[in-house]
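*Asks:* what follows is a predicted structure for the sequence shown.
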Amino acid sequence: MSDPNALPPTNGATPTTNTPGTAEKKKRAPNWLPDEEAQLAVSYVNVSEQPEFAANQTSETFFRKVADNFNTYSKSHFRSWDVIRTRWGPLNTATLKFAAIYNALERNPPSGTGGTVDWLETAHTTYRAQSKGASFGSVLAWQKLRHAPKWREEGRGNNLVIPTFEISSDTLINPDAPDSSVSASGTFTPSARSASSIDRPTGQKAAKKRRIDNYSDMEKLAAAEELTSVAKERLLAFREGNDLVRDKNDLDRDLLKIEEKKLAVEQKKLDIEEQHRLSEVQINDLKMLRETEHDLDDQEAKEVLQMIKKKIKHKWLSTA
C-alpha cells in the first residue's frame with residue numbers, strides 16, 4: 001500500500017493508454033525540474049494573494065491564472081493548466097507535511113541540534129520515517145512556500161503533524177514532564193502543547209482584508225516607482241535640453257566668428273578699393289599738373305587750368 005503523502009513521478013502529465021486503432025503513444029511530457037516546482041510555488045502564492053482571488057471560483061479558473069503566471073516566468077518547459085493542477089496536488093501535500101515537521105523543530109528544537117542545518121537534516125529524517133522511506137525532494141518549492149500563511153503553523157491550526165526525533169542515550173529526560181513523552185525505543189515526541197500554542201488561524205475576512213491592504217501598499221509602491229521614473233525621465237530631458245541649448249550657443253558663437261571674419265574681409269576689400277580710387281585720383285592729378293598752358297589758345301581755358309592746378313597743389317600740400 002503506497003503512502004498518500006509520497007510524491008508521484010514528476011513527469012508533469014497524466015499517463016495515457018493506447019486505444020484500439022491508435023498508431024502511436026502520445027509524447028510524454030518532460031519531468032518536473034526543481035526550479036519548475038519552485039516557480040509553480042511562487043505562481044500559486046502570487047495568484048492566491050491577489051485581491052480579486054475568490055474562494056468560490058472554479059478550480060480551472062484558478063489554475064489557468066496560475067499557469068499564465070508560471071509560463072510567463074518559467075525558463076524551462078511550457079505547462080498547461082491541467083498539468084499544473086495535477087502536479088500541484090502532491091506538491092502541496094508534501095510541502096505542507098515537511099513544513100509542519102520543520103516548523104515544529106523550529107518552535108521546539110530537540111536537544112543537541114544547532115540551528116537551521118541540523119533542523120533540515122532532522123526534518124528530512126523525520127519525513128522519511130513518516131512517509132515509509134519516501135524522501136522529500138521539493139526543498140526549493142518549500143523554501144518559496146515556507147513563509148506563506150498556509151505553510152506556517154498559524155495557517156493550519158491544530159492539524160499540525162507532530163514529528164518524532166531520535167535522541168541520544170545521554171540526553172536527560174524527565175518522564176514526568178508534561179511537555180514531552182518518550183517511547184521505549186528512545187523516541188522523543190513533543191507534546192500537544194506546542195501545537196495548542198499555535199495562534200488561531202486567520203479568518204477569511206481578515207485574510208481578504210490583509211490581501212487588499214497588501215495590494216494597496218503594492219499599488220502605492222508602484223505609483224511611487226512610476227513617479228520616480230517620470231522624474232528621472234524629466235531630469236534626463238532637462239539635461240538633454242540644456243545640452244541642446246549649449247550646442248546651439250556654441251553654434252551661434254561659431255557663426256558669429258564667421259560673420260566677423262566676413263566683415264573683416266569686406267572691410268579689407270573696401271580699404272583696397274579706396275586705395276585704388278585714391279591712386280587713380282593721384283594719377284589724374286599728376287596728369288593735370290603736367291598739362292602746359294602754352295598749348296591752349298583760349299585765355300579762359302588757361303585760367304581754368306591754372307585754377308585746377310592750384311587746387312590740386314593746395315589739396316596735396318594740406319595733407320602732407
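*Replies:* In hand now; what should we look at? Because the structure is a prediction, the values reported are computed rather than measured.
*Asks:* need the contact partners of the helix or strand hosting E37.
*Replies:* When elements are assigned from DSSP states H and E, E37 belongs to helix 34-48. The contact list for helix 34-48 (CB atoms under 8 Å, 6 or more residues apart in numbering) reads 10, 53, 62, 65-67, 69-70, 73-77, 79, 84, 87-88, 91, 95, 137-145, 148. Backbone N, C-alpha and C define where each C-beta goes, glycine included.
*Asks:* so what does the helix or strand following it touch, helix or strand wise?
*Replies:* Later in the chain than helix 34-48, the nearest helix or strand by DSSP H and E is helix 59-73. With contacts taken as 3 or more CB pairs under 8 Å, 6 or more residues apart in numbering; DSSP states H and E, helix 59-73 sits against helix 34-48, helix 81-107.
*Asks:* identify whichever of the ones you listed lies nearest to L263.
*Replies:* helix 34-48 (72.6 Å; CB to CB).
*Asks:* could I have the closest one exported to PDB, CA atoms only?
*Replies:* What follows is helix 34-48, C-alpha atoms only, in PDB (Å, rounded to 0.1, in the frame of the first residue of the first chain):
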ATOM      1  CA  PRO A  34      13.300  21.600  -9.100                       C
ATOM      2  CA  ASP A  35      13.300  25.100 -10.400                       C
ATOM      3  CA  GLU A  36      10.000  24.500 -12.100                       C
ATOM      4  CA  GLU A  37       8.500  23.300  -8.800                       C
ATOM      5  CA  ALA A  38       9.900  26.400  -7.200                       C
ATOM      6  CA  GLN A  39       8.300  28.600  -9.900                       C
ATOM      7  CA  LEU A  40       5.000  26.800  -9.500                       C
ATOM      8  CA  ALA A  41       5.100  27.500  -5.800                       C
ATOM      9  CA  VAL A  42       5.700  31.200  -6.400                       C
ATOM     10  CA  SER A  43       3.000  31.400  -9.000                       C
ATOM     11  CA  TYR A  44       0.500  29.700  -6.700                       C
ATOM     12  CA  VAL A  45       1.200  32.100  -3.900                       C
ATOM     13  CA  ASN A  46       1.100  35.200  -6.200                       C
ATOM     14  CA  VAL A  47      -2.300  34.200  -7.600                       C
ATOM     15  CA  SER A  48      -3.700  33.300  -4.200                       C
END
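*Asks:* for that helix, give the mean pLDDT please.
*Replies:* Averaged across helix 34-48, pLDDT comes to 94.
*Asks:* and what of stretch 284-295?
*Replies:* Throughout stretch 284-295, pLDDT has a mean value of 76.
*Asks:* buried set for that stretch?
*Replies:* D285 (16 or more other CB atoms under 10 Å).
*Asks:* end to end on that stretch, go ahead and measure it.
*Replies:* Stretch 284-295 has its terminal residues 19 Å apart, counting by CA to CA, to the nearest Å.
*Asks:* what does that stretch contact?
*Replies:* With contact meaning CB under 8 Å, 6+ apart, stretch 284-295 is reached by 302, 305-306, 308-309, 312-313, 315-316.
*Asks:* go again using 7 Å as the cut-off
*Replies:* 302, 305-306, 308-309, 312 (CB atoms under 7 Å, 6 or more residues apart in numbering).
*Asks:* among the residues you listed, which one sits closest to A222?
*Replies:* Using CB to CB, those come closest to A222 at I312, 95.4 Å.
*Asks:* for the stretch 201-320 of the chain, what spans make up the helices?
*Replies:* Using DSSP state H, counting those that start in this stretch, the helices of the stretch 201-320 of the chain run over 204-290, 299-318.
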